[in-house]
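Q: Sequence and predicted model, in that order:
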Amino acid sequence: MKINVIKLFYVLFILGGALITFGQTIVNTKHNLSVSGPGTVKASSETQICIFCHTPHNSSPVAPLWNRQNSGTTYVLYASSTLNATLGQPDGASMLCLSCHDGTIGLGNIMSGPQISFLGVTGVAYMPSGVKNLTNNLSNDHPISFIYNSSLATNDGQLKNPVAITPPVKLDPASKVQCTSCHDPHENIYTNFLVTTSQSSNLCNSCHNRTNWTASSHNTSTHTWNGVTPNPWFHTPYTTVSANACENCHNPHNALGVARLLKYIPEEDNCLDCHNGNAATKNIAAQFLKSSKHNVSGYLGIHDPTEAASTMDKHVECTDCHNPHAANATTSTAPFVRGTEIGVSGINQSGTPVTVATNSYEICYKCHTGNTWSSPSVTTRQIVQNNVRLEFSTGNPSFHPVVGPRNITETIMVSGLISPNTSSTVIYCTSCHASDGTSSPAGPHGSVYPNILKR
């Protein structure tokens with residue numbers, strides 16, 4: 001009898017993933033599709049709970065005694081210039097999840113037993129349309145079924161070494177990321193059957209390791225949304241910037257901006273649903289309505305994180321000047337980058353592209369150094385050109401001191417400077433080019449004056 005009890009417990013554990021687990025039970029989740037289930041989608045009379053996914057006999061695959069068929073669907077896969085993993089068609093545990101969540105197989109279509117009918121449905125009941133029905137288009141979902149090894153982590157540079165990934169987040173036996181790396185179908189402690197909380201991007205940070213993220217404002221800010229449409233956090237239950245963290249900009253499933261899983265297709269919309277004064281303190285969106293501006297809404301789908309700073313196509317987006325994974329509110333002195341500019345690429349005074357700009361002007365040089373598409377200077381100059389990098393060279397007879405101090409010694413020239421300026425003062429490009437108005441946000445977003453001049 002003792003042996004039989006042990007066997008019975010083993011079968012229940014395999015079939016139900018342990019119906020009762022540390023205070024959580026599948027009985028109380030939407031994955032209980034039986035007539036006793038708590039959700040609106042449930043069987044009309046079937047009382048068994050595990051049967052919708054598991055069977056003790058004639059299963060396929062054998063583990064985990066699966067009771068559903070493979071739909072044979074060919075999936076559209078996630079693609080991005082920043083993806084370093086090699087993707088193939090879903091396999092392993094992800095195929096088991098997709099046997100319901102791609103919407104191609106009826107929820108009551110099981111291998112071992114007759115089709116199960118569902119309440120309010122005539123015929124076959126499929127996964128209802130909506131965010132839970134991923135369809136065969138996985139291009140807007142976090143990639144799955146790829147090998148995550150130390151080589152991938154090294155090549156990517158922003159992923160943790162797999163040995164640092166600890167339970168409850170886990171890879172499958174083939175060292176692959178699967179749906180089950182983030183989701184546990186038997187427990188719904190953290191909503192959406194997540195294996196751990198997504199608050200403060202705890203789940204994302206199990207694998208992702210963004211440079212400067214810890215000190216970034218998107219990780220530390222306690223700002224809340226004031227309730228004015230649009231809701232920047234429509235896809236989460238969290239109410240502060242720091243609690244949403246990665247999901248301030250990203251949506252791991254059904255993202256509209258498919259490359260890099262951004263919430264919206266227009267790049268700037270992923271910033272301006274907070275930076276419109278409804279969550280962030282300053283209203284940046286209002287600056288872009290002015291006559292002279294960096295026209296972020298004038299370009300779509302051109303900016304790419306991997307683009308070469310010296311040869312990129314003409315465009316301007318928020319992320320050309322700001323790195324949302326690194327930006328913070330720290331201050332600095334000219335010419336060094338401020339907190340809002342940390343982690344942004346640029347071109348240095350020698351004309352060489354740099355992955356991370358040290359000086360603020362290097363970020364401006366990406367567009368204002370004589371690109372073939374650069375606009376000609378609106379000011380008549382002794383030397384006709386549109387390359388401000390050359391114009392600011394400290395070897396010139398005269399220049400604005402953006403790269404280094406003024407090259408003047410004459411008393412009359414020095415005495416003409418207004419305090420606190422001296423012959424050794426260095427300024428930012430934004431000392432002249434920035435939003436107009438004393439209460440406007442810092443930076444050259446927009447101005448009522450030509451060339452985004454402050455006055």
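A: Cool, the structure landed.
Q: Might you report the residue contacts of the residue nearest to Leu272 when sequence neighbours are not counted?
A: Take Leu272 and drop its neighbours on the chain: the residue closest to it by Cβ to Cβ, 6 or more residues apart in numbering is Ala285, 4.5 Å away. Using the backbone N, CA and C atoms, a C-beta is placed for each residue, glycine as well. By Cβ atoms under 8 Å, 6 or more residues apart in numbering, Ala285 lies in contact with 272, 275-277.
Q: Could you look up the SS state of Ala285?
A: helix (DSSP: H, G, I helix; E, B strand; the rest coil).
Q: That one and Leu119, how far apart?
A: Distance, Ala285 to Leu119, by Cβ to Cβ, to the nearest Å: 46 Å.
Q: Over to Ser200?
A: 38 Å.
Q: Of these two, which one has the most company?
A: More crowded of Ser200 and Leu119, by other Cβ atoms under 10 Å: Ser200, with 18 against 13.
Q: quick one: the more buried one and Ser221 touch, right?
A: No: Ser200 is beyond contact range of Ser221, at 11.4 Å (criterion: Cβ atoms under 8 Å).
Q: For the nearest residue to Thr197 once chain neighbours are set aside, grab phi and psi.
A: In this structure, Thr197 finds its nearest non-sequential neighbour in Tyr190, 4.8 Å apart by Cβ to Cβ, 6+ apart. Taking degrees, to the nearest 10, you get phi -110, psi 20 for the backbone angles of Tyr190.
Q: Give me the common contacts of Ser200 and Ser221.
A: Ser242.
Q: Pull out the buried residues from stretch 162-171.
A: 162, 165, 169-171 (16 or more other Cβ atoms under 10 Å).
Q: Quick one: distance of that stretch to the chain centre.
A: 21 Å (Cα atoms, centre = their mean, to the nearest Å).
Q: Could the C-alpha coordinates of it be exported in PDB?
A: Extracted in PDB, the C-alpha atoms of stretch 162-171 (Å, rounded to 0.1, in the frame of the first residue of the first chain):
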ATOM      1  CA  PRO A 162      24.400  31.500 -18.400                       C
ATOM      2  CA  VAL A 163      26.100  30.300 -15.200                       C
ATOM      3  CA  ALA A 164      24.700  33.500 -13.600                       C
ATOM      4  CA  ILE A 165      21.100  32.600 -14.400                       C
ATOM      5  CA  THR A 166      19.600  31.100 -11.400                       C
ATOM      6  CA  PRO A 167      16.200  29.600 -10.600                       C
ATOM      7  CA  PRO A 168      13.400  30.200 -10.800                       C
ATOM      8  CA  VAL A 169      14.500  31.500 -14.300                       C
ATOM      9  CA  LYS A 170      16.000  28.600 -16.100                       C
ATOM     10  CA  LEU A 171      17.100  27.200 -19.500                       C
END
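Q: model confidence over it, on average?
A: Averaged across stretch 162-171, the pLDDT comes to 96.
Q: which other residues reach it?
A: 148-150, 153, 175, 177-178, 180-182, 184, 195-196, 203, 206-207.
Q: go again using 6 Å as the cut-off
A: By Cβ atoms under 6 Å, 6 or more residues apart in numbering, the list of residues contacting stretch 162-171 from outside reads 148, 181, 195-196, 206.
Q: does Asn270 belong to a helix or a strand, and which?
A: Assigned by DSSP states H and E, Asn270 falls within helix 269-272.
Q: Show me what the mean pLDDT comes to for that helix.
A: 98.
Q: same question, stretch 61-77
A: 93.
Q: how about that stretch: buried residues?
A: Those would be 65-68, 71, 73, 75, 77, for stretch 61-77 by 16+ other Cβ under 10 Å.
Q: May I have the distance across that stretch, first residue to last?
A: Using Cα to Cα, to the nearest Å, the end-to-end distance of stretch 61-77 comes to 24 Å.
Q: Stretch 102-119 now?
A: End-to-end distance (Cα to Cα), stretch 102-119: 21 Å.
Q: Buried residues, it. List them.
A: Per 16+ other Cβ under 10 Å, stretch 102-119 contains these buried residues: 102-110, 112, 116-118.
Q: Report the contact partners of Asp436.
A: 447-449, 454.
Q: who's in contact with Pro335?
A: Contacts of Pro335 (Cβ under 6 Å, 6+ apart): 359-361, 426.
Q: Just the helices from the protein, written as ranges.
A: 2-16, 92-101, 150-156, 179-182, 217-220, 241-244, 269-272, 284-287, 318-321, 360-364, 388-391, 411-415 (DSSP state H).
Q: need the ones you listed in a markdown table with distance to Ala308, can you?
A: Listed next are the helices of the chain as a markdown table, based on distance: least, Cβ to Cβ, whole Å:
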| stretch | distance to Ala308 |
| --- | --- |
| helix 2-16 | 53 |
| helix 92-101 | 35 |
| helix 150-156 | 19 |
| helix 179-182 | 34 |
| helix 217-220 | 26 |
| helix 241-244 | 32 |
| helix 269-272 | 23 |
| helix 284-287 | 27 |
| helix 318-321 | 13 |
| helix 360-364 | 14 |
| helix 388-391 | 16 |
| helix 411-415 | 40 |
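Q: Ok, which of the ones you listed comes nearest Ser431?
A: With Cβ to Cβ as the criterion, Ser431 lies closest to helix 360-364 of the helices of the chain, at 10.2 Å.
Q: contacts for that closest one?
A: 321, 335, 337, 341, 344, 346-348, 357, 402, 428-429.
Q: and of these, the nearest to Val27?
A: Scanning the contacts of helix 360-364 for proximity to Val27, where the rule is Cβ to Cβ, the winner is Val344, at 50.8 Å.
Q: From what I see, that closest one and Val356 are in contact.
A: No: contact criterion Cβ atoms under 6 Å: Val344 and Val356 do not qualify, at 7.3 Å.
Q: Name the residue in these two with the higher neighbour count.
A: Val344 (23 against 15).
Q: average pLDDT for stretch 441-455?
A: According to the model, stretch 441-455 has a mean pLDDT of 96.
Q: Pull up the distance across it, start to finish.
A: Across stretch 441-455, first to last residue, Cα to Cα, it's 14 Å.
Q: these two touch, right, Gly92 and Val177?
A: No: Gly92 sits out of contact with Val177 when judged by Cβ under 6 Å, with a separation of 9.8 Å.
Q: Who has more neighbours out of these two?
A: Taking other Cβ under 10 Å, Gly92 and Val177 do not tie; Val177 has more neighbours (25 against 18).
Q: how much space between that one and Ile165?
A: If you go by Cβ to Cβ, the gap between Val177 and Ile165 works out to 10 Å.
Q: and of the contacts of stretch 162-171, the nearest to Asn140?
A: Among the contacts of stretch 162-171, and counting by Cβ to Cβ, the member closest to Asn140 is Ser181, at 18.3 Å.
Q: burial count for that closest one?
A: 22.
Q: likewise Asn155?
A: 10.
Q: what pLDDT does the nearest residue to it once chain neighbours are set aside get?
A: Spatial nearest neighbour of Asn155, excluding adjacent residues (Cβ to Cβ, 6+ apart): Asn84 at 5.0 Å. pLDDT, Asn84: 96.
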